[in-house]
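**Q** Return a 3D structure for these sequence lines:
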Amino acid sequence: MELSVFYAPDILPDSQTYTMNEDTSKYCIQVLRHETGDQVGLADGKGHKFTATITDDNRKRCMVSITAMETIPAVSPSRSIAIAFTKNAGRIEWFLEKATEIGIETIIPLVSHRSEKDKIKPERLNSILVSAMLQSQQFYLPVLEAPQSFEHIIKTNKTAQRFIAHCLPEQKQSLVEAIKPGEDAIILIGPEGDFTAAEIQMALQAGYIPVTLGNTRLRTETAGMVAVTLMASTLNK
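**A** Okay, the predicted model is just below:
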């Protein structure tokens, strides 16, 4: 039987005991009806997997005794996406959830000339990432960066493989054909109005490879989903 796994961001790798916060305790004891003596799992989002036994089933401060700790190897190569956040919060939240389930490592809210949104609610978005991490039984929480301008990303990001997906009728490769297995990769996904011609030119001059994600025009969150899926299936071949 699989253990229920709970998020423990402040647990240390050598911890012998741990006290869950009030929200997690309530979910563990009141919703899932765990009690003293039950075994549960803990994840710190940094690759450590803990097995623990509940020693105090208090609904506000559930205490556990750590019985085992395992370090899960990080995925390599790493996969990153810089994506323009949509005005409709629900659409980008759906993307964050699914990208986490697939196994993205880093998400950068990209602010381009035509972006609809340049501010985020990190607490809410991180809670979505945590839930998706636990649901998909992973032990690394994706890094959600602060919003960054298109120009900043272009000038500072030095990932080995850098791609930009855009809709202008210029020569582009399929992402599947362009990407090389075994090397870290980042892809830029623009807003609904696409990147401007000047932004695309800036990216190309900085060494970004122009790619297509298929034969149809995709919404921002769909394009992000396709990109994350293709990177996950190609980089680790």
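
**Q** Okay, now the unreliable bits of the protein?
**A** 1, 235-237 (pLDDT under 70).

**Q** For it, which segments are assigned as strands?
**A** 5-7, 17-19, 39-43, 48-56, 63-71, 79-84, 106-111, 143-144, 148-149, 161-165, 173-174, 185-189, 209-212 (DSSP state E).

**Q** In JSON lines: those strands, plus distance to R33 and mean neighbour count.
**A** Quick note: C-beta positions are derived from backbone N, CA and C, even for glycine. Conversion of the strands of the chain to JSON lines gives the following (distance: least, C-beta to C-beta, whole Å; neighbours: other C-beta atoms under 10 Å):
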{"stretch": "strand 5-7", "distance to R33": "14", "mean neighbour count": "21"}
{"stretch": "strand 17-19", "distance to R33": "19", "mean neighbour count": "16"}
{"stretch": "strand 39-43", "distance to R33": "12", "mean neighbour count": "20"}
{"stretch": "strand 48-56", "distance to R33": "11", "mean neighbour count": "18"}
{"stretch": "strand 63-71", "distance to R33": "16", "mean neighbour count": "15"}
{"stretch": "strand 79-84", "distance to R33": "37", "mean neighbour count": "26"}
{"stretch": "strand 106-111", "distance to R33": "34", "mean neighbour count": "21"}
{"stretch": "strand 143-144", "distance to R33": "32", "mean neighbour count": "16"}
{"stretch": "strand 148-149", "distance to R33": "43", "mean neighbour count": "15"}
{"stretch": "strand 161-165", "distance to R33": "46", "mean neighbour count": "23"}
{"stretch": "strand 173-174", "distance to R33": "50", "mean neighbour count": "13"}
{"stretch": "strand 185-189", "distance to R33": "42", "mean neighbour count": "26"}
{"stretch": "strand 209-212", "distance to R33": "49", "mean neighbour count": "18"}
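
**Q** I'd like these as TSV, with distance to M202 appended.
**A** Compiled in TSV, the strands of the chain are given as follows (distance: least, C-beta to C-beta, whole Å):
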stretch	distance to M202
strand 5-7	39
strand 17-19	48
strand 39-43	39
strand 48-56	40
strand 63-71	40
strand 79-84	14
strand 106-111	13
strand 143-144	25
strand 148-149	11
strand 161-165	10
strand 173-174	19
strand 185-189	11
strand 209-212	12
